[in-house]
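Student: sequence first, then the predicted structure, then my questions.
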Amino acid sequence: MTKTLRPLIAGNWKMNGLRKDLDEIAAIRDGGVKVGGAVEIVVCPPFTLLAAAASLCEGSGIGIGGQDCHPEKKGAFTGDIAPPMLKDCGATYVILGHSERRLIHGESDALIRDKIKGVQAAGLAAILCVGETAEQRSTGQALAVVGEQLAGSIPRDVSIEGLVIAYEPVWAIGTGLTPTAEDIAEMHGFIRAKLEESWPGKAATVRLLYGGSVKPSNAAKLLAIANVDGALIGGASLIAADFLAIAAACPV
Ligand SMILES: O=C[C@H](O)COP(=O)(O)O
């Protein structure tokens, strides 16, 4: 299938990475430059490595992103990081609403919506994560759950241009399990249609990523699915060779 949007391959390092691991980011930079501009590559390290990673990647075309942020631009919020701080570090993207934030930190759609507003106000692009649990999938609620997450967490009063949405079934994260190609195609088609309902004429410009146990061995198959415009990768993004192999599997 011909893909029209530039694929985005984003790595979510989660709570992994010390300064010595910047070597891996340098390797991603060097290999990513060779993959060429056909695929956009972004690495989201922990906050502690953001500035150093951005400095390493400056001018290379490899992007850097945060994994979360506070909705406000500054203030008395001990321990939090504001969107302008991410921008100041050299980040261009922020992952928001990851299921680990929703489930472990109790983040609501309303909070995620405010974060998206804050991120856009700072001139950053949000990667909004949505996805159902195993129980929701097995009881036939997957589309309804994701539909609610989209309706609740995307601000209506801002443009969706530049927004990225990552469909990450909770049960596929770090488990080695992935949905069938048919189920991913159904969900991504559903997300595209939902966006089109609210933002007519704009949905086709939004990149929809798949995330959950993406590996070099399954990347080509997953990335070829209709309406899959890239991937959000956890574990495999920690190893430059694996992450780059996934980027190289993009159908461009
Ligand atoms: O944000 C990334 C996802 O949680 C996927 O993680 P994973 O590739 O380790 O399954």
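Tutor: Everything's here; your move.
Student: contacts and neighbour counts: CA atoms only from here.
Tutor: Fine.
Student: give me the contacts around the helix or strand hosting residue 150.
Tutor: For residue 150, the host element (DSSP states H and E) is helix 142-153. Helix 142-153 is contacted by residues 109-113, 130-133, 136, 187, 190-191, 194 when judged by C-alpha atoms under 8 Å, 6 or more residues apart in numbering.
Student: so in the chain, where's the weakest helix or strand by average pLDDT?
Tutor: Lowest by mean pLDDT, DSSP states H and E among the helices and strands of the chain is helix 22-35, with a mean of 92.
Student: which neighbouring elements make contact with the following helix or strand past that one?
Tutor: Remark: after helix 22-35, the chain's next helix or strand is strand 40-44, criterion DSSP H and E. With contacts taken as 3 or more C-alpha pairs under 8 Å, 6 or more residues apart in numbering; DSSP states H and E, strand 40-44 sits against strand 8-12, strand 63-66.
Student: contact partners for residue 84?
Tutor: Applying C-alpha under 8 Å, 6+ apart, the residues near residue 84 are 73, 119, 122.
Student: among those residues, which one sits closest to the ligand?
Tutor: Closest approach between the contacts of residue 84 and the ligand, by C-alpha to the nearest ligand atom: residue 119, at 18.2 Å.
Student: and the strands in the protein?
Tutor: Counting by DSSP state E, the chain has strands at residues 8-12, 40-44, 63-66, 93-96, 125-130, 164-167, 207-211, 230-233.
Student: for the first one, output the C-alpha coordinates as PDB.
Tutor: This points to strand 8-12. Output of strand 8-12 as PDB, limited to C-alpha atoms (Å, rounded to 0.1, in the frame of the first residue of the first chain):
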ATOM      1  CA  LEU A   8       7.500   8.800  12.200                       C
ATOM      2  CA  ILE A   9       9.500   6.400  14.200                       C
ATOM      3  CA  ALA A  10       9.600   7.500  17.900                       C
ATOM      4  CA  GLY A  11      11.500   5.800  20.700                       C
ATOM      5  CA  ASN A  12      10.100   6.000  24.300                       C
END
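Student: report the rounded mean pLDDT for it.
Tutor: What strand 8-12 shows for mean pLDDT is 98.
Student: briefly note if it comes near the ligand.
Tutor: Yes: using C-alpha under 6 Å from any ligand atom, strand 8-12 reaches the ligand at residue 12.
Student: the fifth one too?
Tutor: No: under the criterion of C-alpha under 6 Å from any ligand atom, the ligand is not reached by strand 125-130; the shortest gap measures 8.1 Å.
Student: all good on my end, thank you.
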